[in-house]
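Asks: Dropping the sequence and predicted coords here.
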Amino acid sequence: MEETRLSAYERRVLAEIEEDLGADTGLARRMAGHRPSLRPPRPRPTWLRATAAAALGAVTLSLLVLAVATSSPGLVWGFAAAWVVTLLLLLRLVVRWARRHAAGPAAPPDDPTHH
């Protein structure tokens with residue numbers, strides 16, 4: 001098999017591209033954790049997380065009302081635990097929304113300008 005060599009100009013352009021890619025730390029971070037997979041990515045059910053956050057919020061509010069009305073230490077601790085879990089779930093939803101919002105709108109698959 002015949003080996004094709006790059007011209008000096010092509011080697012210089014390739015070196016510039018490699019240098020630009022090496023300077024992009026965000027790309028390097030994303031590529032470091034990337035493992036190619038033959039399976040397509042599963043869609044993430046955001047609606048399920050939002051529903052769970054709403055239900056957990058209702059439970060947390062109920063526990064708060066009961067804890068205030070009865071002054072029971074068990075209800076106060078139950079409220080505290082449910083409150084922490086609710087906040088973590090809401091924080092995760094907000095972070096996902098912010099990342100999606102920062103990425104901008106996705107182009108339709110049949111759009112010729114989308115590569």
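Replies: Arrived safely, thanks for sending.
Asks: Residue for residue, what is the longest helix the chain has?
Replies: helix 73-103 (DSSP state H).
Asks: list the contacts for Val68?
Replies: For Val68, no contacting residues are found, by C-beta atoms under 8 Å, 6 or more residues apart in numbering. Heads up, the C-betas are built off the backbone N, CA and C, glycines and all.
Asks: Helix or strand: which one has it?
Replies: helix 46-70 (DSSP states H and E).
Asks: and that helix with helix 73-103, angle?
Replies: For helix 46-70 against helix 73-103, the angle by axes from the mean of the first three to the mean of the last three C-alpha atoms, to 10 degrees is 150 degrees.
Asks: what's near enough to touch Thr70?
Replies: Thr70 neighbours (C-beta under 8 Å, 6+ apart): none.
Asks: distance of it from Ala82?
Replies: 16 Å (C-beta to C-beta, to the nearest Å).
Asks: same check, this time on Arg49
Replies: On the measure of C-beta to C-beta, Arg49 and Ala82 end up 16 Å apart.
Asks: Neighbour count for the two, which is higher?
Replies: Ala82 (18 against 15; other C-beta atoms under 10 Å).
Asks: I'm done for today, thanks for sticking with me.
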